[in-house]
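Trainee: Requesting a structural model of the entry that follows:
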Amino acid sequence: MRRGGQQGCYLSMISMAMCRAPRHDLTHTAPSGYNRQIETPLLVLVFAESRFPVSAVARQMMMIGLFTVVIVSSSVDVVAAPKKAAVFPRDRLVRSLVFSREKARQSTLDRLEGRYADVPEVADVLIEAITQREFKDEPSESTLRMVRMLGYRERPEVTAALLPLLEHKNLRLVAATLDALAAGGDPQMMPRVARLAARPEFESSYGFRRAVFHCVMQVPDASAVDFIVKQFSKIDGLLKLELVNYLSRRTGQHFGVNDKKWAKWWAANRGLVKFERAGGKEWFRKEGAEKNNDTEKVAKPAAATPAVAPAASQTDLADDAPRFYDFKIYAKRVVFVIDRSGSMGKRIGRESKLQQAKRELMGTIAVLPEDTSFNIIFFHQKVGTWRRGLVKASPQNKKKAVKFIAGIRYGEWTNSYGALDQSLKLDGNTEAIYFLSDGEPTKGKITDVREIVRVISRENKFRRIQLNAIQIGGGPLATEFMKALAKQNAGQYRAVF
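Mentor: Numbers count the residues shown, from 1 in each chain. Now for the predicted structure:
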């Protein structure tokens, strides 16, 4: 009875206080420090004076469970209850990543990258999930994402957890693992990474080959240079250009594509130099030298792992490379993709856009080196490929290609997605694509320009093909499309008007 009477007394006190409060005061909000999650009906108590035991009233009302009490008064100093620290649900997150369906796994990864982004135990969750999962022949997108996420967690256990995945037969999973390892740059991985050069896919897949070298180039250790110098003579095209620039930056030497000079210099200097990380940068200096006085070369900090190979600079190689419009072609395996829709019939000066494109393409093919392989795709609403795969730039093939180009006529609509998709899948060793068009897509499986860029970039994540875009006329939407396509696929953009 005493407790019930006390509660009744409190309720009377509350009613009296609310009656005395001005009407507009009831619209006041809770103090900014109040952070309790409201799970019961909200009662706002407004006291004009501090004659009542406010804290006792509030506590009693919450004990009853009828209301969540928020007290608003300038004369009463109220301290909100501290927010309870959330418990990190490690086991539940692991189970979701191991046993759930794809959509649920993606949702869990969203939480790990969002709500729990700064929680150190995220690395433990990813490691445990990767250790427990049975990786299938074709890994899901969530699996690849999980592996890449782990790479950015700076923990000593990360390298040990990732290295076994390098033995998997699926190249997409191995490439994702290499990207993750590259983010850490741990020299302990080099023996296992170097063994990947013995896999047959190292020669047959440009994307896989590029993933291996990108990983190696992030390791601040002499073993990385050992691997690159050993493989240097076997590499050509765009990747050769990247290796030249890497060696020049790291050593301060400039031997271009001369593999014998690089091998000789490295053999003589390997024991005199060392790598180290200092202040987020990689140093490559003589043994015993002062960092600021005798440094041969200071490299830039290791960049975030890109989706595809970064656009290489065009230094240290011959200046007589063939050109398509204003692009120098250093790649040895290229695909030309040309729009022949009806709008390409509009004139630029004395000739139509298609006539100009055909003339430029025939001139480029005529001077391609014989060690280059190429193919041609012309498209309107349909996509037409000259050959089933890449062919050598022999005199006979170049003559046939020029004849094929001369016979191309105008079509109708613009199926950009179909042409780009086919060019990516044409050959596993394609290094560069030159995509020429004058307008936004109007036909095909996908016509929204942003969606085309998203899907093509996702498909190119493993292939790592440099996709260059040439806009010949067209409006602002076409410009946005072509620029985004090049930017997100390691390429360059050119406008011809």
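
Trainee: Least confident secondary structure element in the chain?
Mentor: The least trusted helix or strand in the chain, going by mean pLDDT, DSSP states H and E, turns out to be strand 295-299, with a mean of 34.

Trainee: buried residues in stretch 410-427?
Mentor: 411, 413-424, 426-427 (16 or more other CB atoms under 10 Å). Yep, even glycine has a C-beta here, placed from its N, CA and C like the rest.

Trainee: distance between the ends of that stretch?
Mentor: 27 Å (CA to CA, to the nearest Å).

Trainee: Looking at the buried residues of stretch 410-427, which is nearest residue 169?
Mentor: Among the buried residues of stretch 410-427, residue 427 lies closest to residue 169 (CB to CB), at 21.0 Å.

Trainee: Just say helix, strand or coil for the closest one.
Mentor: coil (DSSP: H, G, I helix; E, B strand; the rest coil).

Trainee: dump the residue contacts of it.
Mentor: 333, 335, 373, 375, 389, 390 (CB atoms under 8 Å, 6 or more residues apart in numbering).

Trainee: And the residues you listed, which is closest to residue 256?
Mentor: The closest of the contacts of residue 427, once distances to residue 256 are taken by CB to CB, is residue 333, at 21.1 Å.

Trainee: hmm, who's touching stretch 340-347?
Mentor: Residues contacting stretch 340-347 (CB under 8 Å, 6+ apart): 352-354, 357, 378-381, 408-414, 438-439, 442, 472-473.

Trainee: re earlier: could you export the contacts of residue 427 as TSV, including distance to residue 481?
Mentor: Output for these, formatted as TSV (distance: CB to CB, whole Å):
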residue	distance to residue 481
333	25
335	19
373	28
375	23
389	28
390	26
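
Trainee: what about burial for the residues you listed, which qualify?
Mentor: Buried among the contacts of residue 427 by 16+ other CB under 10 Å: 333, 335, 373, 375, 390.

Trainee: Next, the buried residues of the helix or strand residue 183 falls within.
Mentor: Following DSSP states H and E, the helix or strand that holds residue 183 is helix 171-184. By 16+ other CB under 10 Å, the buried positions in helix 171-184 come out as 171-184.

Trainee: Equivalent analysis for stretch 218-236, please.
Mentor: Buried residues in stretch 218-236 (16+ other CB under 10 Å): 218-225, 227-229, 231-232, 235-236.

Trainee: pLDDT of it, averaged?
Mentor: Per-residue pLDDT values over stretch 218-236 give a mean of 95.

Trainee: Quick check: end-to-end length of it?
Mentor: Span of stretch 218-236 from end to end, CA to CA: 20 Å.

Trainee: which residues are contacting it?
Mentor: Against stretch 218-236 from outside (CB under 8 Å, 6+ apart): 182-183, 185-187, 189-191, 193-194, 197, 209, 213, 216-217, 240, 243, 246-247, 250-251, 259, 262-263, 266, 270, 273-277, 282-283, 302, 332, 371.

Trainee: if we can go back for a sec, find the pair from the buried residues of stretch 410-427 with maximum spatial separation.
Mentor: Pairwise over those, using CB to CB, the maximum falls at 413 and 427, 26.6 Å.

Trainee: still on that earlier bit, so how far is the helix or strand just after the helix holding residue 183 from its chain's centroid?
Mentor: Following helix 171-184 in sequence order, the next helix or strand is helix 190-194 (DSSP H and E). Centre-to-centre, helix 190-194 and its host chain are 24 Å apart (CA atoms, centre = their mean, to the nearest Å).

Trainee: Give me the helices and strands touching helix 190-194, please.
Mentor: With contacts taken as 3 or more CB pairs under 8 Å, 6 or more residues apart in numbering; DSSP states H and E, helix 190-194 sits against helix 206-216, helix 222-231.

Trainee: ok, the closest residue to residue 484 other than its chain neighbours to residue 377 distance?
Mentor: Spatially, and ignoring its direct neighbours in sequence, residue 484 is nearest to residue 453 (4.7 Å; CB to CB, 6 or more residues apart in numbering). Per CB to CB, to the nearest Å, residue 453 is found 18 Å from residue 377.

Trainee: picking that back up, inside helices: which ones of the contacts of stretch 340-347?
Mentor: 353, 354, 357 (DSSP state H).

Trainee: Measure how buried the spatially closest residue to the second one that is not a sequence neighbour is and give me the count.
Mentor: Across the structure, with CB to CB, 6+ apart as the measure, the residue nearest residue 354 apart from its sequence neighbours is residue 344 (4.0 Å). Other residues near residue 344 number 26, with proximity taken as other CB atoms under 10 Å.

Trainee: Having no further points to raise, I will conclude here.
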